[in-house]
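# could you work out the structure for the sequence below:
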Amino acid sequence: MTFRWRTVVAASGLWLSAIPAGAQWSQCASDLNELSTVARGVQETADKAASIQARLRNGEEAYARCVQDRGRFRTGDPLVNPPGIVSSDECSLQILSYRSAERQYETEMSLARQAFADLAFAVQTVERSCQYPLAAMAPAPGGAARSPACDRFLRQRRDAPAESLRVLCGAEMSAEECRACLDGPPRN
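Predicted structure coming up:
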C-alpha cells in the first residue's frame, strides 16, 4: 500500500510540474478579460484616429482645390468669374475646418498613446498572472524574421515564464541576441 501511495504522489508531482507553478488561474482569467476590454478600447481609439485622419486628408485636398479654383477664376471678366463661384470666405472656412480636424487628431493621438500604454500594461499583467510570455511568443514585428537560434530557444521553452526566459537566454545567446529575441528590435 505504501509503495502505491508513493507512486501516485510521485506521478502526480510529475504531472503537476507541467503546469507553470506560479500561474494563478483565476487571476489569469480575470486579467485576460481585462486585456480583452483594453484591446477593444484601443481598437475604438484607432478607428476614431483613422476616421479623423481621413477627414484631414479630404480637408487638405478640398482646401488645395479651393485655392487652385480661386486662382484660376480670378480675372476681371464677370463671364469667366461669375460672382460667388469661389470666394476667399469658402477657402477660409475649409482651412478652419481642417485645423479643427487637426486638433481633434492630435487629441486622439494623445488618447491612443495612453491606450497603447494601457494595453502594454495589460499584456504584462497577463504574463505575470498566467506565467506565459505573450510578447516573446508573438511574431516579430514588421514581418522581420527572428533568428533561428531565437525561434529554437522559444519553442523549447514555450511554457516558461517571461522572467525565466530572460535568465535562460543568457546561457545560449549574447545579451544583444537575447534582447532582440525577447524584446523585438531595438527602439530608436
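# so Leu168 makes contact with Arg157?
Yes: counting by Cβ atoms under 8 Å, Arg157 is a contact partner of Leu168 at 6.6 Å. C-beta: built from backbone N, CA, C; applies to glycine.
# and the longest helix seen in the chain, average pLDDT?
Criterion DSSP state H: the longest helix present in the chain is helix 25-72. In this model, helix 25-72 has a mean pLDDT of 88.
# any idea of the angle the next helix-or-strand element following it forms with helix 25-72?
Next along the chain after helix 25-72, taking DSSP states H and E as the criterion, comes helix 88-130. For helix 88-130 against helix 25-72, the angle by axes from the mean of the first three to the mean of the last three Cα atoms, to 10 degrees is 160 degrees.
# I'd like to know which elements helix 88-130 is packed against.
When contacts are defined as 3 or more Cβ pairs under 8 Å, 6 or more residues apart in numbering; DSSP states H and E, helix 88-130 packs onto helix 25-72, helix 134-137.
# in CSV: these, plus mean neighbour count and distance to Leu96.
Listed next are these as CSV, based on neighbours: other Cβ atoms under 10 Å; distance: least, Cβ to Cβ, whole Å:
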stretch, mean neighbour count, distance to Leu96
helix 25-72, 14, 10
helix 134-137, 16, 44
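# can you list these in TSV and add distance to Ala112?
Shown next, in TSV, are the helices and strands packed on helix 88-130 (distance: least, Cβ to Cβ, whole Å):
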stretch	distance to Ala112
helix 25-72	5
helix 134-137	19
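# those: which one's closest to Phe116?
helix 25-72 (6.4 Å; Cβ to Cβ).
# return the list of helices and strands in contact with that closest one.
helix 88-130.
# before we move on, what SS does the residue lying closest to Met173 once chain neighbours are set aside have?
Distance criterion Cβ to Cβ, 6 or more residues apart in numbering; nearest residue to Met173, sequence neighbours excluded, is Ala149 at 5.9 Å. Following DSSP: H, G, I helix; E, B strand; the rest coil, the label given to Ala149 is helix.
# in contact with Ala149: list those residues for me.
172-173, 177, 181 (Cβ atoms under 8 Å, 6 or more residues apart in numbering).
# where's it relative to Ala171, distance?
Using Cβ to Cβ, to the nearest Å, Ala149 is found at 12 Å from Ala171.
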